[in-house]
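**Q** how does the following fold in three dimensions:
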Amino acid sequence: MQQFKNLRWSVLLLLLTLNFGCDQISKKIVRTEISDYEHISIIKDRFTLTKVENSGAFLSLGDNMPYIFRLIILTGLPLLFLGYGLYFLFAKRNLPMSMQIALCFLIGGGIGNLYDRIVHGSVTDFMHMDFYLFQTGVFNFADISIMIGVGILLFQSIRSNRLKHQVD
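**A** Numbering: from 1, shown residues only. Modelled structure (predicted):
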């Protein structure tokens, strides 16, 4: 039983580290190799790199808030939620595997963006997609991790609801 616990913890730590590490490595490369607002076309202006330092939240929301409010809302609250998320992930032994994986993506991405905010004062965003009808804001790998985590949880929720309705 102890071996299983150690293996579980090792896999969870590996997933968290990979999410955080990929995000931080990509941001370090972008910070050193791309100038602010430089526009680099990767796929015919459909996928571009544009370095933006975001001192707000998602899509720069809260960027104009007074510093103390930004500190509380964009650093303090995420720190509390991520701390609780880590506790929940490692303390709850009977979580479904899909939820554990989803939480690793959510927490790993959240820690990546929070780390930027604390160490650099802003979050480095650099990817943008424009597929005519579908266009994103500028985002980073931490945002992708968070969206993958949300997607897994949403898929799991829909799947369990369907299974529940089939039984009824």
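
**Q** any buried residues in the helix or strand harbouring H128, and which?
**A** Using DSSP states H and E, H128 sits within strand 123-131. Applying a neighbour-count criterion of 16 or more other Cβ atoms under 10 Å, one finds V123, T124, D125, F126, M127, H128 buried in strand 123-131. Bear in mind the C-beta positions are built from the backbone N, C-alpha and C, glycine included.

**Q** export these to JSON lines and tack on pLDDT and distance to A102?
**A** Converted to JSON lines, the buried residues of strand 123-131 look like this (pLDDT from 0 to 100; distance: Cβ to Cβ, whole Å):
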{"residue": "V123", "pLDDT": "94", "distance to A102": "22"}
{"residue": "T124", "pLDDT": "96", "distance to A102": "24"}
{"residue": "D125", "pLDDT": "95", "distance to A102": "23"}
{"residue": "F126", "pLDDT": "96", "distance to A102": "25"}
{"residue": "M127", "pLDDT": "96", "distance to A102": "22"}
{"residue": "H128", "pLDDT": "95", "distance to A102": "25"}
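
**Q** coming back round to it: list the contacts of the strand holding H128.
**A** Residues from elsewhere that reach strand 123-131 (Cβ atoms under 8 Å, 6 or more residues apart in numbering): 26-27, 30-31, 34, 45-55, 113, 116-117, 135-140, 142-143.

**Q** kindly report the same for stretch 27-45.
**A** With contact meaning Cβ under 8 Å, 6+ apart, stretch 27-45 is reached by 47-53, 112, 116, 124, 126, 130, 140-141.

**Q** in strands, which of these appear?
**A** Among the contacts of stretch 27-45, the ones falling in strands (DSSP state E) are F47, T48, L49, T50, K51, V52, E53, T124, F126, D130.

**Q** next up, phi/psi of T136, please.
**A** Phi and psi for T136, reported as degrees, to the nearest 10, are phi -100, psi 170.

**Q** tally up the residues packed near it, please.
**A** By other Cβ atoms under 10 Å, 13 other residues sit near T136.

**Q** residue contacts, it?
**A** M127, H128, M129, D130.

**Q** and the residue nearest the centre of this protein?
**A** Among the residues of the chain, the one closest to the centroid is G109, at 2.7 Å (Cα atoms, centre = their mean).
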